[in-house]
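Novice: can't give you the sequence, but here's the structure:
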């Protein structure tokens with residue numbers, strides 16, 4: 001979580017593998033570096049948004 005105190009080594013490893021696989025695939029398809037940065041940024045933005053959304057839902061339902 002971006003808010004600290006949550007997460008695991010496995011989650012971090014999975015995130016690194018996903019980003020690495022996407023970067024490797026775009027490299028194999030000969031995408032320009034600017035496109036690779038935009039796609040990587042988009043994936044990170046989606047991850048941050050999902051984390052904030054699920055955190056807000058947990059807090060509103062009384063789960064911590």
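Specialist: Happy to help now that I have it. From a predicted model like this one, the values you see are computed outputs, not experimental measurements.
Novice: for the longest helix belonging to the chain, buried residues please.
Specialist: If you go by DSSP state H, the chain has its longest helix at helix 33-60. Using 16 or more other Cβ atoms under 10 Å as the test for burial, helix 33-60 gives 36, 39. In short, each C-beta sits where N, CA and C put it, glycine included.
Novice: any idea how far that helix is from the middle of the chain?
Specialist: 5 Å (Cα atoms, centre = their mean, to the nearest Å).
Novice: by contact count, what packs against that helix?
Specialist: helix 9-28 (3 or more Cβ pairs under 8 Å, 6 or more residues apart in numbering; DSSP states H and E).
Novice: so the helix it packs on versus helix 33-60, what angle?
Specialist: Interaxial angle, helix 9-28 versus helix 33-60 (axes from the mean of the first three to the mean of the last three Cα atoms, to 10 degrees): 150 degrees.
Novice: which strands or helices does helix 9-28 pack on?
Specialist: Helix 9-28 packs on helix 33-60, going by 3+ Cβ pairs under 8 Å, 6+ apart.
Novice: middle-most residue in this protein, spatially?
Specialist: Among the residues of the chain, the one closest to the centroid is residue 47, at 3.6 Å (Cα atoms, centre = their mean).
Novice: nearest residue to it in space, please, no chain neighbours.
Specialist: Nearest residue to residue 47, sequence neighbours excluded (Cβ to Cβ, 6 or more residues apart in numbering): residue 15, at 7.0 Å.
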